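S.K.: predicted model and sequence follow; I will ask about them next.
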Amino acid sequence: MTYVVTENCIRCKYMDCVEVCPVDCFYAGENFLVISPDECIDCGVCEPECPAEAIFPDSDERSGPWMETNAKFAKVWPNLSQKGTAPADAEEWNGKSDKAQYLSEAPHQD
């Protein structure tokens, strides 16, 4: 089992989850985070830390198609081991529906 970052992270990207991950299994895109299913140790410490409530175990139906998205981008985006700054408009995007259309495939830039 692994944890999965889902749609509500898009354009929120708070990164509180990154700070608590003991194995640094988060990877960062321009406006979204993913968890590497190959590296996640299923400890679950990231789930309660997500202000956007966008992280679920892969056994949760809300993970749905996001498992594939996490696996795909964890292979090409840079690893993120430290919390960065959330986007200035993160609060405006938190909880909005149909955010998948805004997912950028570009990697995170420092």
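M.R.: Nice, I can see it. Numbers count the residues shown, from 1 in each chain.

S.K.: I'd guess Lys13 is in a helix, am I close?
M.R.: No - secondary structure of Lys13 (DSSP: H, G, I helix; E, B strand; the rest coil): coil, not part of a helix.

S.K.: ok, it - contacts?
M.R.: Residues in contact with Lys13 (C-beta atoms under 8 Å, 6 or more residues apart in numbering) are Ala28, Asn31, Phe32, Leu33, Ala86, Pro87, Ala90. Every C-beta, even on glycine, is put in place using the N, C-alpha and C of the backbone.

S.K.: and if you look at Glu105?
M.R.: Gly29, Phe73 are the contacts of Glu105 under C-beta under 8 Å, 6+ apart.

S.K.: equivalent analysis for Ala86, please.
M.R.: Taking C-beta under 8 Å, 6+ apart as the test, what Ala86 contacts is Cys12, Lys13, Tyr14, Met15.

S.K.: and the closest residue to Tyr27 other than its chain neighbours, what does it touch?
M.R.: Of all residues not flanking Tyr27 in the chain, Trp77 sits nearest, at 4.1 Å (C-beta to C-beta, 6 or more residues apart in numbering). Going by C-beta under 8 Å, 6+ apart, Trp77 touches Tyr27, Ala28, Gly29, Val34, Pro107, His108.
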